[in-house]
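Student: Any chance you can model this:
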Amino acid sequence: MPHATSHDGARIWYEAIGSGPPLVLLAGQANDHRWWDSVRDDFAAAHRTVVLDHLGTGDSDSPAEAEYSTRRFAADVIAVLDALGLARAHVYGTSMGGKVAQRVALDHPHRVGALVLGCTSAGGAEAVRASAEVSRSLVGAGPEARRALAELMYTPEWTRAHPGPHRTLGSPMRLPARRGHLRASNAHDAAAELGRIGAPTLVLHGTDDLLTPPDNARLLARDIPGAELVLLDGARHAYFEEQRELAAKVVLDFLSRHPMPAASGTGVERDGR
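Tutor: Predicted coordinates for the structure are as follows:
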């Protein structure tokens, strides 16, 4: 299986499928690349889609002592692009993956074509947090917490029609890594830096997202120069899956209007293996 090597020697699993301009898909907190399983083919028809397992998830390393931060996860993304021989890629991150995508665009601007930020937040003092009731419902790792998370991800009507398994409810992880992901997401604060993002940016969010309230999307769109904002009516946190057809169309249309610069290159490997 393919792995990139990060700055501290940690191995980061990745996979690339499809053809066309490269598009990196970044999963949410405590989730591996399977977060994208149900929708990835929507993008692979037009893009060379790249997925990876964040440090501590899936087939990436999970060292006992490791730095967990959105900045570190962003550096891991760059290690994957380097392993694939990609000078530049579009980046689409959701939830914590959207926070990582912000850091990729801020710390490595020359590596990003267009940027898509879904169901995410810039962090900082202005960020709108989940309510205390929502936070309490997620305490622990038992069936009740899992049911509460599923209700935050999807509407009841959708889960009745799609009983699962749902790939967005967390990956098997060692406890130190799980705690590291939580710290990384909670500590993220790019609010004061958003004005430096130069990549064309689309902000996507469900109007009924209680896990990351939609006012966070409005703040991102306000502070990122030229950002476009699309709110998906009635969608919860996993809008990209429940409103798959509409969400994919919005993203693909946006990317088609912001083609990759010709000098970015298309990579030296065909499938990442």
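Student: quick one: stretch 182-189 to chain centroid distance?
Tutor: Averaged C-alpha coordinates place stretch 182-189 at 14 Å from its chain's average position (Cα atoms, centre = their mean, to the nearest Å).
Student: neighbouring contacts of that stretch?
Tutor: Contacts of stretch 182-189 with the rest of the structure, by Cβ atoms under 8 Å, 6 or more residues apart in numbering, involve 29-30, 68-70, 72-73, 96, 99, 102-103, 121-124. All C-beta atoms are positioned from the backbone trio N, CA, C, and that covers glycine.
Student: And the furthest pair within the residues you listed?
Tutor: Ala30 and Gly124 (21.9 Å; Cβ to Cβ).
Student: Tell me which of the two has more neighbours.
Tutor: Set side by side, Ala30 and Gly124 show more neighbours around Ala30, with 23 against 14, by other Cβ atoms under 10 Å.
Student: Can you tell me, leaving aside adjacent residues, what's nearest to Asp32?
Tutor: Leaving aside its sequence neighbours, Asp32 sits nearest to Gly58 (Cβ to Cβ, 6 or more residues apart in numbering; 3.2 Å).
Student: Measure how buried the one you found is and give me the count.
Tutor: Neighbours of Gly58 (other Cβ under 10 Å): 20.
Student: where do the helices sit along the stretch 51-200 of the chain?
Tutor: 70-84, 96-107, 132-137, 143-153, 156-161, 175-187 (DSSP state H, counting those that start in this stretch).
Student: right, so these: which one is the most enclosed?
Tutor: Most buried of the helices of the stretch 51-200 of the chain, by mean neighbour count (mean count of other Cβ atoms under 10 Å): helix 96-107, with a mean of 26.
Student: Poorly predicted segments of the stretch 51-200 of the chain, please.
Tutor: For the stretch 51-200 of the chain, not a single residue meets the criterion pLDDT under 70.
Student: What is the neighbour count of Pro261?
Tutor: As a burial measure, Pro261 scores 12 neighbours (other Cβ under 10 Å).
Student: Hmm, Arg174 is touching Asp61, no?
Tutor: No: contact between Arg174 and Asp61 fails when scored by Cβ atoms under 8 Å: they sit 10.7 Å apart.
Student: where along the stretch 151-273 of the chain do the strands fall?
Tutor: 201-206, 228-232 (DSSP state E, counting those that start in this stretch).
Student: Of those, which stretch is the most buried?
Tutor: Scoring the strands of the stretch 151-273 of the chain by mean count of other Cβ under 10 Å, the most buried comes out as strand 201-206, with a mean of 26.
Student: Show the average pLDDT along that one.
Tutor: On average, the pLDDT along strand 201-206 is 98.
Student: ok, Val116 to Asp209 distance?
Tutor: Remark: distance between Val116 and Asp209 (Cβ to Cβ, to the nearest Å) = 16 Å.
Student: who's Trp13 bridged to?
Tutor: In this structure, Trp13 bridges to His3 when assessed by DSSP bridges.
Student: Great, nothing more from me.
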